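Peer 1: Please find the sequence and the predicted model below.
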Amino acid sequence: LFDALADQAAIAIERIELVADVDRARLAAEADRLRSALLTSISHDLKTPLAAIMGAAGTLRDYGGSLPASDQADLLATVVDEAERLNRFIGNLLDMTRIESGAMIPNASLHYVGDIVGAAVRRATKILTNHSIVVDIPSALPMVKLDAVLFEQVLFNLIDNAAKYAPPGSTIRIQGWADGGFLSLEVIDEGPGIPPADLERIFDIFYRVAKTDRVLAGTGLGLTICRGFVEAMGGTITAMNRSDRSGAIFLIRLPLPSETPEMDDLR
Ligand code: ADP
């Protein structure tokens, strides 16, 4: 009997090792594929603005003197805009690296969420002039523990996306409420919404919905960063579509601190 059992065990172990080998090979192939997709995507996102900068700067150097002042100004504006795009992209990549390596340690303290929404909206309205933003956050909402800098960045990314994908003249709504031990915050737009099959995938690194207009500058990093930041603060972020009309909803939920704050909550 023991011999038979030992034989069975040996066969089972062999099978497990075989499966593990296949798994290891599959994982290695998948890692290789991801690594090269990542490099292609990063190279593309770096090269596109760089090519525009080189083109505009080269034209200015060679023909600047003989061009009308307005053309010179346009070329310079291209250089500045594209350099800003590069800067944003590299900033996003750095944020991603910090999240992935676990070096993103939120500096959490108690905040009234309306203040941070206000700061993000002020920042957004400086550059997004084609949309109206309506904020509906009751002043009686409890305070919540979060990193104000990271949270403002999350809200800014969501407002920026809403403005990018929803038509000019439409309204972006931000509403907040508290229930069941959570503070919830929604950013709601009047755009095309998100195909149901992509609702979860849009948070993946470099993922963009296939039919997303490629003219819209984007890197597929914004939402990955939002999720990384929100999760680092102990919260969740999910996407859904509106049921009353077309449009996307991004819902953030943060746990409310317990009734008796600890000493370090009061800092
Ligand atoms: P990016 O906007 O740079 O492409 P994100 O990570 O911010 O990258 O978003 C990923 C994708 O999710 C976008 O390319 C777009 O297809 C989709 N998306 C994000 N926000 C919205 C929105 N408010 N409405 C419709 N689609 C959206």
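Peer 2: All right, it came through fine.
Peer 1: residues touching the closest residue to the ligand within the stretch 1-150 of the chain, list them.
Peer 2: Scanning the stretch 1-150 of the chain for proximity to the ligand using C-beta to the nearest ligand atom identifies residue 92 as nearest, at 8.6 Å. (C-beta placed from N, C-alpha, C; glycine too.) Counting by C-beta atoms under 8 Å, 6 or more residues apart in numbering, residue 92 touches 219, 221, 222, 225.
Peer 1: Try it again at 7 Å.
Peer 2: 219, 221, 225 (C-beta atoms under 7 Å, 6 or more residues apart in numbering).
Peer 1: Please compute how far the strand or helix carrying it lies from its chain's middle.
Peer 2: Residue 92 belongs to helix 69-101 when assigned by DSSP states H and E. Taking C-alpha atoms, centre = their mean, to the nearest Å, one finds the center of helix 69-101 at 17 Å from the center of the full chain.
Peer 1: List the buried residues in it.
Peer 2: For helix 69-101, a neighbour-count test (16 or more other C-beta atoms under 10 Å) marks 72, 75, 78-79, 82, 85-86, 89, 92-93, 95-96, 98-99 as buried.
Peer 1: now swap in stretch 190-197 and tell me
Peer 2: Under 16+ other C-beta under 10 Å, the buried positions of stretch 190-197 are 190, 191, 192, 193, 194.
Peer 1: okay, the residues you listed in CSV with secondary structure and distance to residue 235 next?
Peer 2: As requested, the buried residues of stretch 190-197 are exported to CSV (DSSP: H, G, I helix; E, B strand; the rest coil; distance: C-beta to C-beta, whole Å):
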residue, secondary structure, distance to residue 235
190, coil, 25
191, coil, 24
192, coil, 26
193, coil, 23
194, coil, 20
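Peer 1: Could you dump those into TSV and include pLDDT?
Peer 2: Formatted as TSV, the buried residues of stretch 190-197 follow (pLDDT from 0 to 100):
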residue	pLDDT
190	97
191	95
192	95
193	96
194	96
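Peer 1: need the strands for the stretch 151-267 of the chain, in chain order.
Peer 2: Under the criterion DSSP state E, counting those that start in this stretch, strands of the stretch 151-267 of the chain are mapped to 171-179, 182-188, 236-241, 248-255.
Peer 1: near the ligand, which residues of the stretch 101-250 of the chain?
Peer 2: Residues of the stretch 101-250 of the chain lying close to the ligand by C-beta under 6 Å from any ligand atom are 161-162, 165, 189, 191-192, 194, 202, 207-209, 212, 218-224, 248.
Peer 1: now the residue lying closest to residue 98 once chain neighbours are set aside, what's its secondary structure?
Peer 2: Leaving aside its chain neighbours, residue 98 sits nearest to residue 104 (4.3 Å; criterion: C-beta to C-beta, 6 or more residues apart in numbering). For residue 104, the assignment made with DSSP: H, G, I helix; E, B strand; the rest coil gives coil.
Peer 1: Residue 104 and residue 141, how far apart?
Peer 2: Residue 104 sits 26 Å away from residue 141, going by C-beta to C-beta, to the nearest Å.
Peer 1: Same check on residue 76?
Peer 2: Per C-beta to C-beta, residue 76 is found 45 Å from residue 141.
Peer 1: Also residue 257?
Peer 2: For residue 257, the distance to residue 141 - C-beta to C-beta - is 13 Å.
Peer 1: Done for today, thanks.
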